[in-house]
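Student: I would like the atomic coordinates for the input below:
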Amino acid sequence: MQKQIEVMQVPLTNFNPFSFPKELVKEYFCSQLPLDFCENVTDDSDIVTEDIGLSAPTLYTANLPLILEWLLNLDNPHILEQTPCFTPLLLYDKCFSTDSLLFHYEGNPESAKLIRDFVYLFGGIIKGSCATIISPSFIPKSKIKEEQELIELVRDCTAETSFIKFNFNRIGDFWSYAVKHQCTLLVTTKKYQADLAKVFFHFYKGKNWCEKLSFYLAA
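Tutor: Next comes the predicted model:
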């Protein structure tokens, strides 16, 4: 029997030493997100259904423009989380869609885990998605098997999967690729969150800002 779990507002302590205002961020307790998540994530709904009890949130969501407006009023606005927490953060604008996914794979266990965790969390939501995985042009032979397993994992969970080798070394490269190819969700690691914040501020309210592009960041 399923039980209803309230979508709590994020306590300030989760983001110390500097915190997002709790009214800007929601936390979700879902081992796998409900199939109507995309339609409801931008709404003010306060109930999700969960079939097992969870003591810690599995996802934070926030409206990106509201976060940026708040950050612009800080003394040090060029960072999202001073000490990135382990809970993934989803940033969206006017809408949220998983139609076109862009995965940032770095050829290491951390980014492999990030992709696996995302695929599990979004489960059935991405069955109709088109996915692109960008991997470094060179990775050690010891990681080739892991790379292939990730490709197969994403391919099995989406409608269409592409795999590309690029020597992107800046998060801005992924931003540009995502905007150019009309991707709707960039999946990357929180270790780039400071550089990503700079990209946000550079393009925010500019002609290159893409309201359809969301960001999934995980440690």
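Student: For the chain, just list every one of the strands.
Tutor: 3-6, 25-28, 47-50, 59-63, 89-92, 100-104, 130-135, 160-165, 185-189, 214-218 (DSSP state E).
Student: Quick one: mean pLDDT for the second one?
Tutor: Taken as a whole, strand 25-28 carries a mean pLDDT of 86.
Student: Show me what that strand is packed up against.
Tutor: Applying 3 or more CB pairs under 8 Å, 6 or more residues apart in numbering; DSSP states H and E, we find strand 25-28 packed against strand 59-63. Backbone N, C-alpha and C define where each C-beta goes, glycine included.
Student: what does the last one give?
Tutor: With contacts defined as 3+ CB pairs under 8 Å, 6+ apart, strand 214-218 has these neighbours: strand 89-92, helix 109-122, strand 185-189, helix 193-203.
Student: which other helices and strands contact the last one?
Tutor: This means helix 193-203. helix 64-71, helix 171-180, strand 214-218.
Student: and with 10 Å instead?
Tutor: Applying 3 or more CB pairs under 10 Å, 6 or more residues apart in numbering; DSSP states H and E, one finds that helix 193-203 contacts helix 64-71, strand 89-92, helix 171-180, strand 185-189, strand 214-218.
Student: what does the first one give?
Tutor: Applying 3+ CB pairs under 10 Å, 6+ apart, one finds that strand 89-92 contacts strand 25-28, strand 59-63, helix 64-71, strand 185-189, helix 193-203, strand 214-218.
Student: hmm, back to that, export the helices and strands packed on strand 214-218 as CSV, with columns for mean neighbour count, mean pLDDT and distance to residue 59.
Tutor: Below are the helices and strands packed on strand 214-218 laid out as CSV (neighbours: other CB atoms under 10 Å; pLDDT from 0 to 100; distance: least, CB to CB, whole Å):
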stretch, mean neighbour count, mean pLDDT, distance to residue 59
strand 89-92, 24, 94, 6
helix 109-122, 17, 94, 7
strand 185-189, 24, 95, 13
helix 193-203, 17, 83, 16
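Student: Relative to residue 30, which of these is closest?
Tutor: helix 109-122 (7.4 Å; CB to CB).
Student: Turn the helices and strands packed on strand 214-218 into TSV, including distance to residue 177.
Tutor: Shown next, in TSV, are those (distance: least, CB to CB, whole Å):
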stretch	distance to residue 177
strand 89-92	18
helix 109-122	16
strand 185-189	9
helix 193-203	12
